[in-house]
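A.B. asks: Need coordinates for the below:
(one chain, ligands or ions: 3)
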Amino acid sequence: MPSRISDSCRPHHSQKHFDLNSIKELPESHAWTSSNDHYTQENSCNFESIPVIDLDNNNNNNNNNNILDHIGHACKKWGAFQIINHSISEKLLQDIEVAGKTLFSLPMQQKLKAARSPDGVTGYGAARISSFFSKLMWSEGFTIVGSPIEHARQLWPKDYNKFCEVIEEYEKEMEKLAGRLMWLILGSLGITKDDVKWAVGPKGETKEGCAALQLNSYPACPDPGRAMGLAAHTDSTILTILHQNNTSGLQVYQEGNGWVTVPPIPGALVVNIGDLLHILSNGSYPSVLHRAVVNRTRYRLSVAYLYGPPSGVRVSPLSKLVDHRHPPLYRAVTWSEYLGTKAKYFDKALSSVRLCVPLNGFTDAKDHKGVQVG
Ligand SMILES: C=C1C[C@]23C[C@H]1CC[C@H]2[C@@]12CCC[C@@](C)(C(=O)O1)[C@H]2[C@@H]3C(=O)O
Ligand SMILES: O=C(O)CCC(=O)C(=O)O
Ligand SMILES: [Fe+2]
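C.D. replies: Ligands and ions are numbered 1, 2, ... in the order given. Alright, predicted model coming up:
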């Protein structure tokens with residue numbers, strides 16, 4: 001089993017690199033039909049979207065419980081929410097956007113100098129999940145884990161400092177925010193720091209988690225109705241914090257409602273629940289299926305901070321949420337082990353770590369359809 005997150009992805013199909021900016025007509029290779037992705041055609045018109053939560057206590061009657069209630073409700077109903085007053089400065093959000101745009105507007109042969117290696121995690125390339133689809137996505141990605149310096153040097157041999165400074169500052173601020181969000185979300189389930197030993201250091205501080213930063217670029221597309229920016233997936237994280245530029249594209253899937261657009265709100269960030277929180281919460285807070293669609297005229301950029309537990313930590317349903325009526329539904333996994341599982345099974349990854357739980361003592365569930373559990 002791999003032990004670091006950088007070891008856990010399987011080799012990619014080799015892929016021709018398209019310069020999406022110069023393509024005037026959608027090639028067959030990028031034309032999706034409903035058989036490529038059974039959700040593609042399904043676009044609902046919806047008036048409701050994910051909640052916007054103000055993280056400033058002063059705007060919540062100085063009552064942290066109000067925030068916890070909002071968050072708990074959002075996690076149950078949507079698996080995602082937007083946050084405002086989150087303490088990440090507008091300046092830093094602007095800087096990271098500029099850094100991303102600068103990177104993606106480099107000539108293709110320059111970007112390929114930092115190409116992700118076939119069995120690697122970091123660098124430039126198509127989304128890792130591409131190998132599960134026969135059609136190509138209308139996007140480019142750049143993944144950073146820890147220091148960006150090695151790749152930045154490949155891209156800008158002399159002039160890599162500014163890029164690195166912005167990325168490092170962003171990672172530092174996101175790490176703090178992700179820790180805070182994790183405790184708020186767990187808090188809404190009645191979980192405190194005493195209940196999650198692996199997340200707390202000797203002085204009561206939140207232990208530094210592992211994380212990846214994913215820059216996604218979605219050029220304007222001549223035929224957006226038939227293209228796919230980033231195919232439907234759940235993140236293999238505890239939680240993901242996403243910044244999108246002023247162009248919409250992110251959609252979350254809600255049972256009964258279909259695909260719901262998450263409108264960009266200037267300065268707001270999107271938080272979504274990943275598979276590891278699904279496991280930790282023993283299924284109470286399901287990870288959210290989401291995707292990115294593309295646009296005919298506008299360029300779209302998004303920056304995802306993918307937050308996971310410290311390396312080596314085995315994550316399993318929290319014991320406070322488990323009893324004889326609520327048996328653990330998932331086995332323990334480390335982040336790198338789960339990333340390997342995702343790379344192999346993709347949308348079946350979560351069910352592949354699910355435990356078989358007898359229904360009320362019946363071991364063969366299919367013979368007892370309709371029996372109520374619990
Ligand atoms: C830490 C992570 C999480 C990864 C793999 C690795 C680095 C890049 C992440 C993403 C980012 C884009 C969607 C996704 C599905 C993908 O293709 O690459 C993510 C994947 C996961 O959440 O599984
Ligand atoms: O571009 C987006 O809005 C979605 C990106 C995303 O889902 C990811 O990077 O995991
Ligand atoms: Fe995602």
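A.B. asks: Could I get the full set of strands for the stretch 251-374 of the chain?
C.D. replies: Per DSSP state E, counting those that start in this stretch, the stretch 251-374 of the chain carries strands over the ranges 258-261, 269-273, 290-292, 300-308.
A.B. asks: so what does the shortest one touch, helix or strand wise?
C.D. replies: This means strand 290-292. strand 230-233, strand 250-254 (3 or more Cβ pairs under 8 Å, 6 or more residues apart in numbering; DSSP states H and E). Placement of C-beta: from N, CA and C, glycine included.
A.B. asks: by contact count, what packs against the shortest one?
C.D. replies: Right, the one you point to is strand 230-233. Short answer (3+ Cβ pairs under 8 Å, 6+ apart): strand 230-233 packs on strand 290-292.
A.B. asks: ok, the strand it packs on near ligand 1 or not?
C.D. replies: No. Judged by Cβ under 6 Å from any ligand atom, strand 290-292 and ligand 1 are separated, with a smallest distance of 9.4 Å.
A.B. asks: can you list contacts of that strand?
C.D. replies: Under the contact criterion Cβ atoms under 8 Å, 6 or more residues apart in numbering, strand 290-292 has outside partners 39, 80, 139, 216, 218, 228-234, 249-253, 259, 272, 300, 302.
A.B. asks: Partner strands of it and their direction?
C.D. replies: Here strand 290-292 is paired, per DSSP bridges, with strand 230-233 (antiparallel), strand 250-254 (antiparallel).
A.B. asks: when you scan that strand, is anything in it near ligand 2?
C.D. replies: Yes. Strand 290-292 comes into contact with ligand 2 (Cβ under 6 Å from any ligand atom), by way of 290, 292.
A.B. asks: for that strand, what is the average pLDDT?
C.D. replies: Strand 290-292 carries an average pLDDT of 98.
A.B. asks: Report how many residues lie close to Phe81.
C.D. replies: For Phe81, the count of nearby residues is 25 (other Cβ atoms under 10 Å).
A.B. asks: hang on, it is in a helix, isn't it?
C.D. replies: No. Counting by DSSP: H, G, I helix; E, B strand; the rest coil, Phe81 falls outside a helix, being strand.
A.B. asks: what about the nearest residue to it once chain neighbours are set aside, which helix or strand?
C.D. replies: Of all residues not flanking Phe81 in the chain, Ala74 sits nearest, at 3.8 Å (Cβ to Cβ, 6 or more residues apart in numbering). Secondary structure from DSSP states H and E places Ala74 in helix 64-77.
A.B. asks: Now stretch 250-257: buried residues?
C.D. replies: Residues 250-254 are the ones in stretch 250-257 that count as buried (16 or more other Cβ atoms under 10 Å).
A.B. asks: would you list those in TSV and tack on pLDDT?
C.D. replies: Listed next are the buried residues of stretch 250-257 as TSV, based on pLDDT from 0 to 100:
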residue	pLDDT
Leu250	98
Gln251	97
Val252	97
Tyr253	96
Gln254	95
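A.B. asks: about what we covered before: so which of the strands paired with strand 290-292 is nearest ligand 2?
C.D. replies: Proximity to ligand 2 (Cβ to the nearest ligand atom) singles out strand 250-254 among the strands paired with strand 290-292, at 3.5 Å.
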